[in-house]
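Peer 1: Fold the following and give me the result.
(one chain, ligands or ions: 2)
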Amino acid sequence: MVDPRTTIINQRLKKIRRIIAVSSGKGGVGKSLVATTLALTLAHKGYKTGLFDIDFTSPSTHVILGAENTKPIEEKGLVPPTINGLEYMSLIYFTRDQAAPLRGEDTSNALIELLSVTRWSELDFLVIDMPPGIGDAVLDLIRFVKSIEFIIITTSSQLAFETVKKLAILLRELKIPVIGIIENMKMNPSDNIKKETEKLDIPFLGAIPYDSSVEEAIGNVQKLLDTAIAQKIKEITSNNGL
Ligand SMILES: Nc1ncnc2c1ncn2[C@@H]1O[C@H](COP(=O)(O)OP(=O)(O)O)[C@@H](O)[C@H]1O
Ligand SMILES: [Mg+2]
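Peer 2: Ligands and ions are numbered 1, 2, ... in the order given. You can find the predicted model right below:
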């Protein structure tokens with residue numbers, strides 16, 4: 001039997017052209033920064049873009065975007081506010097600055113609920129900022145969202161790549177499309193990650209340099225779009241038909 005929630009969710013998402021989950025095997029590799037900058041870059045190019053933060057235990061995109069003092073409007077569901085040109089939704093609207101230690105099943109329910117009630121408009125892209133690892137959120141999204149694609153973030157470290165490899169292999173087994181792997185915070189010229197990525201037969205989308213100036217750009221979208229990180233992400237989108 002088909003879970004009735006699948007129908008509701010896909011009804012909600014049916015006007016969105018591409019849904020891209022930014023994921024990794026690990027935390028701290030730059031998923032949130034890349035997901036937010038990617039969404040802003042796509043919006044800047046003139047695409048209607050949404051950003052959906054589903055890292056329920058450590059949400060950060062609202063800080064990067066400077067999304068304080070915004071909230072969704074209740075109207076036959078929840079209409080996401082538009083922040084810096086992005087339609088934006090996050091569990092942060094329901095927890096604010098309280099800690100929200102959700103157990104596995106609660107996170108699943110919260111995600112499914114948000115997917116069911118959020119009224120995205122006709123978007124070209126919806127970028128999803130994922131929690132780290134191969135957990136429930138990945139499995140739930142794959143289960144409930146028909147047309148999902150992934151971009152996987154690693155750092156130059158073998159430790160990060162090892163976990164990324166597992167995620168990539170799982171997605172392949174589940175026949176979920178992977179747009180490619182991005183190497184983030186690159187500090188040395190080694191092309192090890194590029195080679196390893198190509199061994200997996202996954203496109204290597206490019207390397208984003210470590211840019212210490214990014215800290216000053218947190219909460220300031222104009223500054224963020226001027227960083228070397230944003231420059232590289234723009235290049236990656238153009239080279240990959242995004
Ligand atoms: N290319 C980069 N250069 C410098 N700092 C970065 C870069 N990418 C991410 N960071 C910083 O690294 C930290 C972790 O990034 P974050 O996006 O929160 O990772 P994740 O979402 O994977 O946990 C943040 O402080 C972020 O500002
Ligand atoms: Mg994050």
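
Peer 1: max-length strand in the protein?
Peer 2: Counting residues, the longest strand found in the chain (DSSP state E) is strand 178-186.

Peer 1: and it with ligand 1, contact?
Peer 2: Yes. Remark: strand 178-186 sits within contact range of ligand 1 at 184-185, by CB under 6 Å from any ligand atom. Placement of C-beta: from N, CA and C, glycine included.

Peer 1: Distance check, the residue nearest to E68 when sequence neighbours are not counted against L224.
Peer 2: Take E68 and drop its neighbours on the chain: the residue closest to it by CB to CB, 6 or more residues apart in numbering is H62, 7.3 Å away. Here the criterion is CB to CB, to the nearest Å. By it, H62 lies 14 Å from L224.

Peer 1: Could you point out which residue ranges in this structure have low pLDDT?
Peer 2: Low-confidence segments of the chain (pLDDT under 70): 1, 96-101.

Peer 1: Run a quick check on P59 versus L91, I expect a contact.
Peer 2: Yes. Judged on CB atoms under 8 Å, P59 makes contact with L91 at a distance of 6.3 Å.

Peer 1: Find the residues that touch each one of the two.
Peer 2: Common neighbours of P59 and L91 (criterion: CB atoms under 8 Å, 6 or more residues apart in numbering): D53.

Peer 1: Need the residues that contact stretch 78-87.
Peer 2: So stretch 78-87 is contacted by 39-40, 43-44, 48-51, 65-67, 70-73, 88-89, 114, 117-121, 123, 221 (CB under 8 Å, 6+ apart).

Peer 1: which parts of that stretch are buried?
Peer 2: 78-81, 83-87 (16 or more other CB atoms under 10 Å).

Peer 1: Out of the residues you listed, which comes closest to ligand 2?
Peer 2: L86 (16.3 Å; CB to the ion).

Peer 1: Wasn't A230 part of a strand?
Peer 2: No. Secondary structure of A230 (DSSP: H, G, I helix; E, B strand; the rest coil): helix, not part of a strand.

Peer 1: What about it, how many residues nearby?
Peer 2: 25 (other CB atoms under 10 Å).

Peer 1: Near the residue nearest to it when sequence neighbours are not counted, how many other residues are there?
Peer 2: Computed as CB to CB, 6+ apart, the closest residue to A230 that is not its neighbour in sequence is T37, at 5.2 Å. By the criterion of other CB under 10 Å, T37 has 27 neighbours.

Peer 1: gap between T37 and ligand 2?
Peer 2: Counting by CB to the ion, to the nearest Å, the separation of T37 from ligand 2 is 13 Å.

Peer 1: ok, that residue to E183 distance?
Peer 2: Remark: distance between T37 and E183 (CB to CB) = 15 Å.

Peer 1: what does T7 give?
Peer 2: The gap separating T7 from E183 is 39 Å, by CB to CB.

Peer 1: Also T82?
Peer 2: 32 Å.

Peer 1: swap in L115?
Peer 2: Taking CB to CB, one finds L115 at 30 Å from E183.

Peer 1: Tell me which of those two has more neighbours.
Peer 2: Comparing L115 with E183 by other CB under 10 Å, the one with more neighbours is E183, at 28 against 22.
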